[in-house]
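> This is the structure alone, sequence omitted:
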């Protein structure tokens, strides 16, 4: 039977990460802490590890700036595609009207 994907609230995720941070010193490794705490929260160790990694990434100013830059690049790429589509439509419309003008009988 396939495993159903549970949705955890941001509060639960935050609390789980805080619990991990507080408990890390009681375990020989980060992974040992994750595998011990995850079942108590009701998630898999990998899920908790991902939450923890995202938390760490948000704490690192270089990564935060990197994410901001990546988002800006994605936004600019989307805008560029939209402009290219609009430009193509205008080119086709101009060609259509130019051809219509040439086909029209002149007096």
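Okay, I see it. As the structure is a prediction and not an experimental result, all values here were calculated from the model.

> Report the buried residues of whichever strand or helix holds residue 32.
Using DSSP states H and E, residue 32 maps to helix 30-41. Buried positions in helix 30-41, judged by neighbour count with 16 or more other C-beta atoms under 10 Å: 33-35, 37-38, 41. In this view, the C-beta of every residue, glycine as well, is placed from N, C-alpha and C.

> Show residues contacting it.
Residues from elsewhere that reach helix 30-41, judged by C-beta atoms under 8 Å, 6 or more residues apart in numbering: 12, 16, 19-20, 23-24, 26-27, 44-45, 47-49, 52.

> which of those residues count as buried?
If we count by 16+ other C-beta under 10 Å, these have these buried: 16, 20, 45, 47-49, 52.

> what's the distance between the residue minimising distance to the centre of the chain and residue 35?
Centroid check for the chain by C-alpha atoms, centre = their mean gives residue 71 as the closest residue, at 8.5 Å. Using C-beta to C-beta, to the nearest Å, residue 71 is found at 33 Å from residue 35.

> same deal with residue 94?
For residue 94, the distance to residue 35 (C-beta to C-beta) stands at 64 Å.

> Could you do residue 102 as well?
Separation of residue 102 from residue 35 (C-beta to C-beta) stands at 75 Å.

> what does residue 18 give?
According to C-beta to C-beta, residue 18 stands 18 Å off from residue 35.

> and what of residue 95?
Going from residue 95 to residue 35 by C-beta to C-beta gives 65 Å.

> cool, residue 93 as well?
Taking C-beta to C-beta, one finds residue 93 at 62 Å from residue 35.

> ditto for residue 86
53 Å.

> do residue 68 as well
Using C-beta to C-beta, residue 68 is found at 33 Å from residue 35.

> Over to residue 87?
Distance, residue 87 to residue 35, by C-beta to C-beta: 54 Å.

> right, and the helix or strand after the helix or strand containing residue 53?
Assigning secondary structure by DSSP H and E places residue 53 in helix 45-59. Later in the chain than helix 45-59, the nearest helix or strand by DSSP H and E is helix 61-103.
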